[in-house]
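>>> Sequence first, predicted coordinates after that:
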Amino acid sequence: MGSTGQQQKKKSSKIIAVLLLLGILLILSIIFSMKSGYTHLTFHDLLRILLGGGSDKENLVLFTFRLPRIIIAMLVGAGLALSGCIIQGIARNALADPGLLGINAGAGLMVVLFVLLFPTKTALSVFTLPFLALIGAGLAAVLIYLLAYKNLEGLSPLRLILTGVGMQVGISAAMIVLVILLDESQFNFVTVWQAGRIWGASWRFVIALLPWLLVLVPYVFFKARVLDVLSVGEEIAWGLGVSVERERRILLAVAVALAASCVAVSGNISFVGLIAPHLARRLVGPGHQILLPCCALTGALLVSISDILARTLVQPSEIPTGIVVAVVGAPYFLYLLAKSGR
Amino acid sequence: MNSITTKNLAIAYDESIVVEALDMKIPYGKITTIIGPNGCGKSSVLKAVGRILRFKTGAVYLNEEDITTLATKEIAKKMAILPQSPTAPHGVTVGELVSYGRFPYQRGFGKLALNDRKIIDWSLEVTKLSELEHRSVDTLSGGQRQRVWIAMALAQQTDLILLDEPTTYLDLSHQLEVLELLRDLNKKQGYTIVMVLHDLNLAARFADYMIAIKGGSIICHGTPDEVMVPHALKEVFQIDAQIVKEPRTGRPVCVTYDLVR
């Protein structure tokens, strides 16, 4: 028993090390992100501005432009990563992700429709956006669920993915049709949204997004054990006393709400929900009690770093963050596919 | 006393009816094996009893209680069910998987209590897996893996375990190893075991009680000596079987058979 006790200790200290490392990297990325951009700030400047000694211009740059954007990037990364982790758990499919299933697209369609109908960004609209996105994402999810659900057999993971992909293609087509109806500025908005530019980078958006995550994220952590058991398979889960259909619906709804509230402010950032859970699983294993927090940190880090690159690579212009994530993410995803194929 | 009773049970997939009006009794404290040809509905019956499959009409009683009146978590404290060849999530360790058996007893964030820990250790010990606790399930052999699933069921602390073909994909010695483990659990710990088995001779060797199903109905039931008789096997499997009493185990064995023409 001595050796197994040691192994246990070794494993938990490895997990602590991983979480610590992710935390440190995240803090570093925040500092770096605050420094870089059109106006470069040195570490010294940064300290001075944070302590209240900045000029009006410096304060504007840091507190009004950069900080909310950094926070949004991290929140969105964590939210999308958790959403992907939940969907992968309940679909028992490592390729599931809110982007792939058309949930993001559903949210996007509503956002686009809203911008089409109410072109001015009023304070009210900022807070209604997550709700609208949720309606769009929710409708897409319900439709996918109904199409993938078969009486007596329940929800088959394969059918879920197939209908999801179909849904995503369908909604993207609808968006293209809508684009034809748009004037130039609205057209720009839609393309920017689809590419995943963090467009809602102000404190208003932070305040619009934060309550969603404050409610949903603890709830997801609360459901870690259910996710563990569901990921072993439907029949085992029933045997262990999980109301499989009920739990799956609840968790799917939570995943949809997470994805919708995030993409409402960030645009369609895909791949985070796919890659972050993969990376996290490799780091800490499949147990959700540790996987979920690790996944949230990984997602936050991923989007945060991508956003630094998005803002600095082609100055003075910027690349949409979603594109950067995709450029980083797609090769990794292909690597995963190739590895699992062998 | 019966562990499980079904009354007038009917099971259907979409439109096709698999089982119609099944009355079945599973005796308490015994090993019961269910045999029958492919597609006879034996797995469906097991799943319906284990509430994995919703049945159409009729009733299933677990220790004389209607299972539709019990919360699914409460059922999980009385009855464990293992489907045919389950797959573990990639990278999960033996200890983690066995700990999932404690799910019906956990609340809230699901931290394992000292008592849970003890029961998990006991389950690992009984199935001779203590040494492998920190190994990833992916790296185990088929026989070891089957023992892990059984350990998970033990951690559920039920007195009844249902198993759907627990010997699938196992070689001869590992088949025996798994079945002997189940027999030990029955004899030493008093578990009631119900399993669907494909292999007639293994079913007869390990069962106290056998149920032969064909076309969703029970053709015959009783001790292996009562069920393993040529006329019964002819009706159930369409075979002309030669049965002898095997001297080593004292159980009936089908030594050879032909198709009935």
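Everything's here; your move.
>>> Show me which positions of the longest helix anywhere in chain B end up buried.
Secondary structure of chain B read by DSSP state H shows that its longest helix is helix B:172-189. Buried residues in helix B:172-189, counted by 16 or more other CB atoms under 10 Å in any protein chain shown: B:174-179, B:181-183, B:185-186. In this view, the C-beta of every residue, glycine as well, is placed from N, C-alpha and C.
>>> Kindly report the same for stretch A:32-41.
In stretch A:32-41, counting by 16+ other CB under 10 Å, buried: A:33-37, A:41.
>>> and which of the buried residues of helix B:172-189 is nearest to residue A:132?
residue B:178 (55.3 Å; CB to CB).
>>> what sits against the residue nearest to the closest one when sequence neighbours are not counted?
Once flanking residues are discounted, residue B:178 sits nearest to residue B:146: 5.1 Å by CB to CB, 6 or more residues apart in numbering or on different chains. Counting by CB atoms under 8 Å, 6 or more residues apart in numbering or on different chains, residue B:146 makes contact with B:166-167, B:170, B:174, B:178.
>>> and the closest residue to chain A within the stretch 1-150 of chain B, helix, strand or coil?
For the stretch 1-150 of chain B and chain A, the shortest gap (CB to the nearest CB) falls at residue B:76, measuring 2.9 Å. Secondary structure, DSSP: H, G, I helix; E, B strand; the rest coil: residue B:76 is helix.
>>> Just give the nearest non-adjacent residue to it, would you?
Counting by CB to CB, 6+ apart, the residue nearest residue B:76 is residue A:241, at 2.9 Å.
>>> What is the neighbour count of that neighbour?
23 (other CB atoms under 10 Å in any protein chain shown).
>>> would it count as being in a helix?
No - counting by three-state DSSP, residue A:241 is not found in a helix; it is coil.
>>> Show me the two of the contacts of residue B:146 that sit farthest apart.
Longest span within the contacts of residue B:146, CB to CB: B:166 and B:174, 10.5 Å.
>>> Could I get the contacting residues of the residue nearest to residue B:76?
Residue A:241 neighbours (CB under 8 Å, 6+ apart): B:71-77, B:103-104.
>>> one more time with 10 Å
Contacts for residue A:241 (CB atoms under 10 Å, 6 or more residues apart in numbering or on different chains) come out as A:229, B:51, B:71-77, B:79-80, B:103-106, B:156.
>>> tell me the two of those residues that are most distant?
Across the contacts of residue A:241 (CB to CB), the longest gap, 19.7 Å, separates B:51 and B:106.
>>> What is the neighbour count of residue B:87?
13.
>>> Please apply the same query to residue B:52.
So residue B:52, with other CB under 10 Å, has 22 neighbours.
>>> Work out which residue lies at the spatial centre of chain A.
In chain A, the residue lying closest to the centroid (CA atoms, centre = their mean) is residue A:80, at 1.6 Å.
>>> Can you name the helix or strand that that one falls in?
helix A:67-91 (DSSP states H and E).
>>> Can you point out the buried residues in that helix?
A:67-91.
>>> What's the mean pLDDT across it?
In this model, helix A:67-91 has a mean pLDDT of 93.
>>> which parts of the stretch 101-250 of chain B sit against chain A?
B:101-112, B:121, B:124, B:130-136, B:149, B:152-153, B:155-156, B:158, B:161-162, B:164 (CB under 10 Å from any CB of the partner chain).
>>> and these, which are buried?
B:101-106, B:110, B:121, B:124, B:130, B:132-136, B:149, B:152-153, B:155-156, B:158, B:161-162, B:164.
>>> Check the gap between the residue of the stretch 151-261 of chain B at minimum distance from chain A and residue B:177 for me.
Nearest residue of the stretch 151-261 of chain B to chain A: residue B:156, at 7.0 Å (CB to the nearest CB). The gap separating residue B:156 from residue B:177 is 21 Å, by CB to CB, to the nearest Å.
>>> Next: residue B:166.
11 Å.
>>> just residue B:136 next, same as before
Taking CB to CB, one finds residue B:136 at 21 Å from residue B:177.
>>> how far does the longest helix along chain A sit from the chain's center?
In chain A, with assignment by DSSP H, the single longest helix is helix A:2-35. Between the mean C-alpha location of helix A:2-35 and the chain-wide mean there is a distance of 21 Å, by CA atoms, centre = their mean, to the nearest Å.
>>> State the mean pLDDT of that helix.
pLDDT averaged over helix A:2-35 gives 84.
>>> and that helix, what other elements does it pack with?
helix A:43-50, helix A:67-91, helix A:272-284, helix A:288-312, helix B:94-99 (3 or more CB pairs under 10 Å, 6 or more residues apart in numbering or on different chains; DSSP states H and E).
>>> closest one to residue A:258 among those helices?
helix A:67-91 (4.1 Å).
>>> now the angle from the closest one to helix A:43-50?
Angle between the axes of helix A:67-91 and helix A:43-50 is 100 degrees (criterion: axes from the mean of the first three to the mean of the last three CA atoms, to 10 degrees).
>>> Okay, angle between the next helix or strand after helix A:67-91 and helix A:67-91 too, please.
Helices and strands here follow DSSP H and E; after helix A:67-91, the next one along the chain is helix A:103-117. Per the same axes, to 10 degrees, the angle that helix A:103-117 makes with helix A:67-91 is 140 degrees.
>>> Give me the angle between the helix or strand just after helix A:103-117 and helix A:103-117.
Note on helix A:103-117: by DSSP H and E, the next helix or strand toward the C-terminus is helix A:123-148. If you take the same axes, to 10 degrees, helix A:123-148 sits at 140 degrees to helix A:103-117.
>>> Tell me how far residue A:148 lies from residue A:166.
10 Å.
>>> quick one: which of these two has more around it?
In this view residue A:148 and residue A:166 are compared by other CB under 10 Å, and residue A:148 has more residues nearby, 21 against 14.
>>> Can you list phi and psi of residue A:271 for me?
Main-chain dihedrals, residue A:271, degrees, to the nearest 10: phi 80, psi -30.
>>> Could you check how many residues crowd around it?
24.
>>> For it, which non-adjacent residue is spatially closest?
residue A:329 (3.4 Å).
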